[in-house]
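A.B. asks: Okay, sequence plus prediction incoming.
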Amino acid sequence: SGGRGRNGGSWLVSRALPWAVGPETPLWTPSGPWCQLCTAADRRLSPRQGMAHFEDIEMISGQHPKPVGLVLEYGTAGFRAKAEQLDHVMYRMGLLAVLRSKKTASTIGVMVTASHNPEEDNGVKLVDPHGEMLVPAWEAYATQLANAEDQNLKSVLTNITEKECVNLQDVARIFLGRDTRPSSLELSQAVVDGVCVLGGAYQDYGLVSTPQLHYMVCCRNTMEQYGIATVEGYYQKLSRAFIALTKQVPCHPEEMRQLNVDGANGIGALKLNELEPYLEKKLKLKLCNDGTTGKLNYLCGADFVKVQQKPPQGLDMKANERSCSFDGDADRIVYYYIDESGCFHLLDGDKIATLIITFLKELLAKADLDVQIAVVQTAYANGSSTRYIEDVMKVPVHCVNTGVKFLHHKAQEFDIGVYFEANGHGTVLFSKTAESKIRQMAQDQSQMREKSNAAKMLENTIDLINQTVGDAISDLLTIEAILSIKGLTVQQWDLIYTDLPNRQLKVKVSDRQAIATVDAGRRAVSPAGLQENIDALVKMYSLSRAFVRPSGTEDVIRVYAEADTQANADTLAYEVSLVVYSMAGGIGEKPKLLH
């Protein structure tokens, strides 16, 4: 069967590919195709035919020319740049996604987003078969492909195909999603062009959060054992787990159930509105910065709140009200409130991790389950959180390089691995062994009531958490469930431990590669003398530490400082920023003291 595509082309729907059609999904609708399969996607290509497609690549590439002299790098979060620079990158990532799909015999995701970056930017990242980040070897291929001159594109693709022994006869299947940026629709079409020229099949989910696309890729590649690979399936899984987890909680006053949510004028607000009816009024969400008027990530969102340590613009907060902020693609979340004296209190990824660990440890003790639990942090974790988790909770903490892929990989080593970056990006991973033990106990009717109930709550928690990637919506529901079950206010949660005052700053530089670090990003080894200067500054303040590291997405150096008082943390961060500016090629205006 077939239909007409957006641009008048013919869509050939394969009867040999049942993966692409869900039970409620139309093959094609005038408002936007759920399932689109490019011509030749339903037939296996011979090597000769595959090379013929390679010939087409250069012809279509002329419609997506590479800007002269532009060099980009596939970083922790994929590619990020000004939107007008990315058309050729999107086309080429469509090509790479097809090769990756053929290599892994799996559905691969392509997400068009620049997360917390300004609205004028955009980006793209590939999602591997189980919803995880692209493996490092293929990150290098992505960089090679993006930077290849147009006339060399075919040879780079051929080298990748040969090196990875990609069978060009295999079918390729791609899931595509995008955020709400004005440039995202056009850029996603460039991805489609790349997928189609190599005969790949794709399913366009349109506007989705980044975690939703990760979730759906995992669902498809686990034959939907992880869940149903639709947005509705995502809402159903999370809402059912949330309702089951909180069903025995007594009804709280309305002010306890209400949560202020800053949607960063991005996709998260849109998706929360879609989710709310599934929650059966168990949680009252008051949305602001929902994208109807404001600009994406401008003076709002999780990154703004975390760095500036103040509420977002557009949020009318009352004293002691519980509030949270998403970032632009809804994979980060931070909480906060203002006390009666007007003082702002931030509960970042460290506080979120601590709350979740406390809850899981209590349930594991009640269920009498012997499983290994560990926490994974980065250098940005507040020193007080590390000390509390290790010394008070007696849970081991492991520090890794900044970047979700490093945290995720380390967390996979444990029965239960909890990881959160201080910026609010994180999740919980359950090993197959731990999950099996929990589910078996939850179904075992011979267990004592307390053990059985604890196991069932753990099982609901497993289903509520999006284990593929940090997910602001999933994390929000998990946090709200825990606070409700434990009867905690946001102020009581905040008092679990006291953060050391800290400050994060950015220094614009001509080349972020000028700084190299070791020890999970905590020590600078170049330029020469930089670390010695930082050490000398740190010695001037009590309970202090500071480090610098290059951004993975833009030409800035990130500066972090902690000290015994906020004034000292601010001053230390400022002084370190000045050293970075002078020694690492700072450009533009010199750093200024915030207060």
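C.D. replies: Ah, there it is.

A.B. asks: Quickly note the distance from Glu589 to Tyr581.
C.D. replies: Glu589 is 9 Å from Tyr581, where distance means CB to CB, to the nearest Å. Just so you know, the C-beta spots here come from the backbone N, C-alpha and C atoms, and that holds for glycine as well.

A.B. asks: Between those two, which has more neighbouring residues?
C.D. replies: Neighbour count, other CB atoms under 10 Å: between Glu589 and Tyr581, Tyr581 has more, with 20 against 8.

A.B. asks: Now do the contacts for the closest residue to that one other than its chain neighbours.
C.D. replies: Excluding the flanking residues, the one nearest Tyr581 by CB to CB, 6 or more residues apart in numbering is Val507, at 5.4 Å. Val507 sits next to 556-557, 559, 577, 580-581, 584, 586, 591 when contact means CB atoms under 8 Å, 6 or more residues apart in numbering.

A.B. asks: The residues you listed into TSV, with extra columns for secondary structure and pLDDT?
C.D. replies: Output for the contacts of Val507, formatted as TSV (DSSP: H, G, I helix; E, B strand; the rest coil; pLDDT from 0 to 100):
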residue	secondary structure	pLDDT
Val556	strand	94
Ile557	strand	96
Val559	strand	96
Ser577	helix	97
Val580	helix	97
Tyr581	helix	97
Ala584	coil	95
Gly586	strand	95
Pro591	coil	93
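
A.B. asks: which one of those sits closest to Cys218?
C.D. replies: Val556 (32.4 Å; CB to CB).

A.B. asks: Can you tell me which of the contacts of Val507 lies closest to Ala319?
C.D. replies: For those, the minimum distance to Ala319 (CB to CB) is 32.0 Å, reached by Val559.

A.B. asks: got a list of what the closest one touches?
C.D. replies: By CB under 8 Å, 6+ apart, Val559 lies in contact with 504-507, 546-548, 573, 576-577, 580.

A.B. asks: Next step: those restricted to strands.
C.D. replies: 504-507, 546-548 (DSSP state E).

A.B. asks: ok so, going back, most neighbours among the contacts of Val507, which one is it?
C.D. replies: Highest neighbour count within the contacts of Val507, by other CB under 10 Å: Val580, with 28 neighbours.

A.B. asks: okay, stretch 367-386 in CSV with CA atoms only?
C.D. replies: As requested, the backbone C-alpha atoms of stretch 367-386 are provided in CSV (Å, rounded to 0.1, in the frame of the first residue of the first chain):
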residue,chain,number,x,y,z
ALA,A,367,11.9,-6.1,51.6
ASP,A,368,15.1,-7.6,53.0
LEU,A,369,16.7,-7.7,49.6
ASP,A,370,20.4,-8.1,49.3
VAL,A,371,21.3,-5.9,46.3
GLN,A,372,24.3,-3.5,45.8
ILE,A,373,23.4,0.1,45.5
ALA,A,374,25.9,2.9,44.5
VAL,A,375,25.9,6.5,43.5
VAL,A,376,27.7,8.0,40.5
GLN,A,377,28.6,11.7,40.5
THR,A,378,30.7,14.2,38.6
ALA,A,379,33.1,16.9,39.8
TYR,A,380,30.1,19.3,39.9
ALA,A,381,28.5,17.3,42.8
ASN,A,382,28.3,19.5,45.9
GLY,A,383,30.9,18.3,48.5
SER,A,384,28.3,18.2,51.2
SER,A,385,26.2,15.7,49.2
THR,A,386,29.2,13.4,48.6
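
A.B. asks: If we go by neighbour counts, what in it is buried?
C.D. replies: Neighbour counts over stretch 367-386 (16 or more other CB atoms under 10 Å) mark 367, 369, 371, 373-382, 384-385 as buried.

A.B. asks: returning to that earlier point: could you dump the contacts of Val507 into JSON lines and include distance to Leu495?
C.D. replies: Below are the contacts of Val507 laid out as JSON lines (distance: CB to CB, whole Å):
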{"residue": "Val556", "distance to Leu495": "34"}
{"residue": "Ile557", "distance to Leu495": "34"}
{"residue": "Val559", "distance to Leu495": "29"}
{"residue": "Ser577", "distance to Leu495": "32"}
{"residue": "Val580", "distance to Leu495": "35"}
{"residue": "Tyr581", "distance to Leu495": "38"}
{"residue": "Ala584", "distance to Leu495": "39"}
{"residue": "Gly586", "distance to Leu495": "40"}
{"residue": "Pro591", "distance to Leu495": "33"}
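
A.B. asks: which one of the contacts of Val559 sits closest to Ser325?
C.D. replies: Proximity of these to Ser325 (CB to CB) peaks at Gln504, which lies at 15.4 Å.

A.B. asks: thought the closest one was touching Tyr574?
C.D. replies: No. Using CB atoms under 8 Å, Gln504 is not in contact with Tyr574; the gap is 11.7 Å.

A.B. asks: And the helices in the stretch 201-350 of the chain?
C.D. replies: Listed in chain order, the helices of the stretch 201-350 of the chain (DSSP state H, counting those that start in this stretch) span 210-221, 231-246, 254-257, 267-275, 302-308, 349-367.

A.B. asks: who wins for proximity to Arg322 among those helices?
C.D. replies: Distance to Arg322, taken as CB to CB, is lowest for helix 254-257 among those, at 8.5 Å.

A.B. asks: Convert stretch 82-94 to PDB, retaining C-alpha atoms only.
C.D. replies: In PDB, the C-alpha atoms belonging to stretch 82-94 read as follows (Å, rounded to 0.1, in the frame of the first residue of the first chain):
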ATOM      1  CA  LYS A  82      23.800  27.900  15.100                       C
ATOM      2  CA  ALA A  83      20.800  26.400  13.300                       C
ATOM      3  CA  GLU A  84      21.800  27.900   9.900                       C
ATOM      4  CA  GLN A  85      25.100  25.900  10.100                       C
ATOM      5  CA  LEU A  86      23.500  22.500  10.500                       C
ATOM      6  CA  ASP A  87      21.600  21.600   7.400                       C
ATOM      7  CA  HIS A  88      24.500  19.500   6.000                       C
ATOM      8  CA  VAL A  89      25.100  17.900   9.400                       C
ATOM      9  CA  MET A  90      21.400  16.700   9.600                       C
ATOM     10  CA  TYR A  91      21.600  15.200   6.200                       C
ATOM     11  CA  ARG A  92      24.800  13.300   7.000                       C
ATOM     12  CA  MET A  93      23.400  12.100  10.400                       C
ATOM     13  CA  GLY A  94      20.500  10.600   8.400                       C
END
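
A.B. asks: could you give me the average pLDDT of that stretch?
C.D. replies: The average of the pLDDT scores along stretch 82-94 is 98.

A.B. asks: again, but for stretch 186-197
C.D. replies: Average pLDDT, stretch 186-197: 97.

A.B. asks: So which bits of it are buried?
C.D. replies: By 16+ other CB under 10 Å, the buried positions in stretch 186-197 come out as 187-197.

A.B. asks: tell me which element the residue of the chain most remote from its centre falls in.
C.D. replies: Checked against the mean C-alpha position of the chain, the extreme residue using CA atoms, centre = their mean is Ser446, at a distance of 40.4 Å. Using DSSP states H and E, no element contains Ser446; it sits outside every helix and strand.
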